[in-house]
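>>> Following is a predicted model, sequence given first.
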Amino acid sequence: MDNVLNKQELLRQIQELGFVALELNLYLDTHPDDEAALNDFRYITNNLNQLKQLYCQTFGPLTNFGNSMLSKNTWTWASEEDKWPWENK
Amino acid sequence: MWIYEKRLQFPINIKKTDPQLAKAILTQYGGPNGELAASLRYLSQRYTMPTSQAKAVLTDIGTEELAHLEMVATIIYQLTQDATGEDYMKSFAEALYSKWDKGIHPDDSGTIAFSATYINTMGRDYIADLYEDLAAEEKARATYEYLLDITKDPDVIAPLSFLRQREIVHFQRFGELLDKLQLEKNMKTVHPVNFPEEKAYF
């Protein structure tokens, strides 16, 4: 139960920082010379990547095709325990 | 190349069953102003964009639309996962159930199947493409507002409001891109008759 809660909490933080990174990315597409936005993007992506690494180490891969490190010796990606994003039960 | 992340862009946790609302929202999955049309439109138009910047904007927004497609499907899935056939009958959504059970089919709220006629790829007239993109974002925003009008469940209102807000941001970015391309082309007005400048068509 503790792990389930932590997983959702960590995922929520990844959603939040992921959203900030996406917003800054779109903004930088049309404002590539905005230094403040570049600094924000660098800071946010650094934190986001740390959170994603922590998630992968604790709960298994977040992304497919080798873009997440395999930190456990089991294939959690396709396991019933690792729910798909649309499943809330 | 694309990478899938096993998470939603925005959290969705709907507890109440409502096939009628699911049917209404389905238009944003496979309808004319839906997320599938949006994503395919931008990801198809990007190849003939004139600058790397334009290709970046269309690639990034087209990619975000795929995350929105997953969000819309998730809303429909959670609104119907516990529904019985009788629930569908009572809420006038039985035509969905009789065809697809709870399968999430890309069509316009149970009517016309998804169609590529919703999108255009105008090749070297990228100005025409960008005007279409601006209009598409506005139409999607309006659709989310109409859906919000008929939604009372706060668990559904939250993701619908998020999706509505994204349309506004995309409109802003497309507008900035269009302004920049028109400046680069020394276009004095925003009217597309000034394009293309090399050849007179009339």
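It's in.

>>> Pass me the low-pLDDT residue ranges in chain A, would you?
Judged by pLDDT under 70, chain A has its weakly predicted residues at A:1-5.

>>> For chain A, just list every one of the strands.
Ranges of strands in chain A, per DSSP state E: none exist.

>>> quick one, helices of it?
A:2-30, A:35-59 (DSSP state H).

>>> Point out the residues in chain B that sit beside chain A.
Listed as neighbours of chain A in chain B under the rule Cβ under 8 Å from any Cβ of the partner chain: B:3-14, B:53, B:56-57, B:60-61, B:64, B:70, B:73-74, B:77-78, B:81, B:169-170, B:173, B:176-177, B:180. For the C-beta atoms, the positions are set from N, CA and C on the backbone; glycine is no exception.

>>> Among those, name the buried ones.
Buried subset of these (neighbour count, 16 or more other Cβ atoms under 10 Å in any protein chain shown): B:5-12, B:14, B:53, B:56-57, B:60-61, B:64, B:70, B:73-74, B:77-78, B:169-170, B:173, B:176-177.

>>> Leaving out the residues flanking it, which one is nearest to A:Ala21?
What sits nearest to A:Ala21 in space, not counting adjacent residues and going by Cβ to Cβ, 6 or more residues apart in numbering or on different chains, is A:Ile44, at 5.1 Å.

>>> count of neighbours near that neighbour?
Under the neighbour criterion other Cβ atoms under 10 Å in any protein chain shown, A:Ile44 is assigned a count of 20.

>>> pLDDT score assigned to B:Phe202?
Note on B:Phe202: pLDDT of 48.

>>> Give me the residue at the spatial middle of chain B.
For chain B, B:Glu35 is the residue whose C-alpha lies nearest the centre (Cα atoms, centre = their mean; 2.7 Å).

>>> Tell me how far A:Tyr27 lies from B:Leu36.
The gap separating A:Tyr27 from B:Leu36 is 25 Å, by Cβ to Cβ, to the nearest Å.

>>> Could you check which of these two is surrounded by more residues?
Per other Cβ under 10 Å, whichever of A:Tyr27 and B:Leu36 has more neighbours is B:Leu36, with 21 against 18.

>>> Against A:Asn25, how distant is the residue nearest to A:Ala21?
As judged by Cβ to Cβ, A:Ile44 and A:Asn25 stand 10 Å apart.

>>> Repeat that for B:Gly30.
Counting by Cβ to Cβ - B:Gly30 and A:Asn25 are separated by 27 Å.

>>> The two: which has the busier surroundings?
With neighbours defined as other Cβ under 10 Å, B:Gly30 and A:Asn25 compare such that B:Gly30 has more, 26 against 17.

>>> Could you tell me which residues of chain A lie near chain B?
Contact residues (Cβ under 8 Å from any Cβ) of chain A with chain B: A:11-12, A:14-15, A:18-19, A:22-23, A:25-27, A:29-32, A:61-65, A:67, A:77, A:82, A:84-86, A:88-89.

>>> From these, list just the buried residues.
By neighbour count, with 16+ other Cβ under 10 Å, these hold A:11, A:14, A:18-19, A:22-23, A:25-27, A:29-30, A:61-62, A:85-86 as buried.
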